Every structure is written in C-alpha cells, then in structure tokens.
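Visitor: predicted structure and sequence below. I'll ask about it afterward.
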Amino acid sequence: MSASLPMYATPLTAGADARLWSLIRDGLRAQGIDAPETLSPPPSDLIAHWRDPQLVFSQTCGFPFRAVLMDDVSLIGTPDYGVAGCPPGYYRSYVVARKDDPRSTLSAFTTAPFAYNDPMSQSGWAALALEAPEVLRGARICTGGHRLSALAVCRGDADFATIDAVTWLHLEAAGETAGLKIVHRTTPTPGLPYITAKSGPAGAIFDATVQAITMLTPQDRATLHLKGLITLSASTYALPLPPPV
C-alpha cells in the first residue's frame, strides 16, 4: 500500500505535501478506508509505481495517463492550480529561453538546441511536439527534469525548453527563473490527474481530497498553488500522442 505526490515535489513543497496527505489520509480512515501513514518518496520507476494494485493515491502526467495507464488505474480527479489563461483543472507549458537571447518568437528557435525533461512528459515534450513540431528540428537534450531543463538553458547547453506552468511557479519561488524569459505559451490541456489503483475507491478519495484541500492553511495552499479539485472525465485526456522524441 502506497501513496505519493511525485510530480511537483520540491524541498519547498515537502512540508505542505505531507500536511495535505495527512488530511487526505485521516479523511479516508474516517470512512473506514486504509491509507498509508506517510507519502512514499518518488520511486525510480514511476510507471510501475502507478500500476501497483496497492496504490492508494498518486499524481501522474496526462501523457502517461492516456498512453499507458488509463486501463490500469482509476481517475480520482484533477487538481486546479489556477494557471493563468487556462480553464479550471487545465495547465499549459511555457517555452523559455535565456533572458538575453535576442529571439522573441517561437519560430525563431527552429533548429536550435532544445531541452526536454522526459520523452513521456505532456508539458516537457508532447505539448510543443503536437503544437509546433517544426521548431524541434535541432539537437534534443533529455535532462530528466523540468528544473534541469531550465538550468540547461541558463547554462547555454540548450537554447530553449518547455516548462510546466505550475513547475515554473515553483521555480520562481526558488529564485531560479531570473535568467529566463517566456517566449511562447502552449494551448491549455488537462492538468496532472490524481489516480488510485483500478479497484480503488476513487469517489471516496475524491471527497477526502476536496475536504483536505479546504482544511489546508492558506499558506500551504499558496505554497502548492492548489485551488481545488475538479472532475474531468478520462476521455478529456484522450489527446493525440506526439511523435517519438
């Protein structure tokens, strides 16, 4: 039995994530549903973790959800982070470049070295690969994380990258966006869903999570940029799959 919040975890969010989970856990136990005491650290094999039949609660990305997980898990709901210019529960990617780069339009980066976090990331790869594949003709550098993609651009290892809009807020809070500028915002897509095992009590977990979010302190909600939890159908995530990296 496990629970995790691997997608937006940072040292600055660790305390708020733990307190969010403790509220969800207590809400589940009050309904007679067993739940782990604490969150598990992010596992090395996320797909296997998300497919675990003992998974109680986690958050995945929209790309792996639609590509490989939809038949193996149950959708709890979609957190709303209040991303500017997006409907509730939706988010987008920011295409970023160095602040001193004279280029200011996406098309100007065609053939430039591009950093991406993971080949199965909606915000780091799929969003731009589906919307403007023509700009991804240059070298591609897999960094292993959005923060690492941002750092790669800052260092000059790549000229541009796509960063999850919520991750961007966390990077801003950590003071790690000062050398970067946003040159493009991708079309909004459904946000990163909360999931449970296929046999998990998704409805009860949804109710416990809604209650937990309302019980968080304003400071913790602000740290997590968490506004609420909404219902999006699984079919909402059935977007086209991008070309392989």
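Guide: Done, it's in. Numbering: from 1, shown residues only.

Visitor: walking through the chain, point out its strands one by one.
Guide: Counting by DSSP state E, the chain has strands at residues 2-3, 55-59, 73-80, 90-91, 93-98, 114-116, 140-142, 160-164, 180-185, 189-190, 194-197, 228-230.

Visitor: just give me the neighbour total for Asp34.
Guide: Counted with other C-beta atoms under 10 Å, the neighbours of Asp34 add up to 9. In short, each C-beta sits where N, CA and C put it, glycine included.

Visitor: ok, it touching Met1?
Guide: Yes - if you go by C-beta atoms under 8 Å, Asp34 and Met1 touch, sitting 6.7 Å apart.

Visitor: what do those two both touch?
Guide: Residues touching both Asp34 and Met1 (C-beta atoms under 8 Å, 6 or more residues apart in numbering): Val56.

Visitor: is it true that Thr231 touches Ile76?
Guide: No - under the criterion of C-beta under 8 Å, Thr231 is not in contact with Ile76, lying 9.4 Å apart.

Visitor: which one of these two is surrounded by more residues?
Guide: Just comparing Thr231 and Ile76: by other C-beta under 10 Å the higher neighbour count belongs to Ile76, 25 against 11.

Visitor: residues contacting the more buried one?
Guide: Phe57, Pro193, Tyr194, Ile195, Thr196, Gly200, Ala202, Ile205, Phe206, Thr209.

Visitor: dump the residues you listed into a markdown table; add pLDDT, neighbour count and distance to Arg221 as well.
Guide: As requested, the contacts of Ile76 are exported to a markdown table (pLDDT from 0 to 100; neighbours: other C-beta atoms under 10 Å; distance: C-beta to C-beta, whole Å):
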| residue | pLDDT | neighbour count | distance to Arg221 |
| --- | --- | --- | --- |
| Phe57 | 98 | 24 | 18 |
| Pro193 | 98 | 24 | 19 |
| Tyr194 | 98 | 23 | 16 |
| Ile195 | 98 | 24 | 21 |
| Thr196 | 98 | 21 | 22 |
| Gly200 | 97 | 19 | 25 |
| Ala202 | 98 | 18 | 23 |
| Ile205 | 98 | 25 | 19 |
| Phe206 | 98 | 18 | 18 |
| Thr209 | 98 | 23 | 13 |
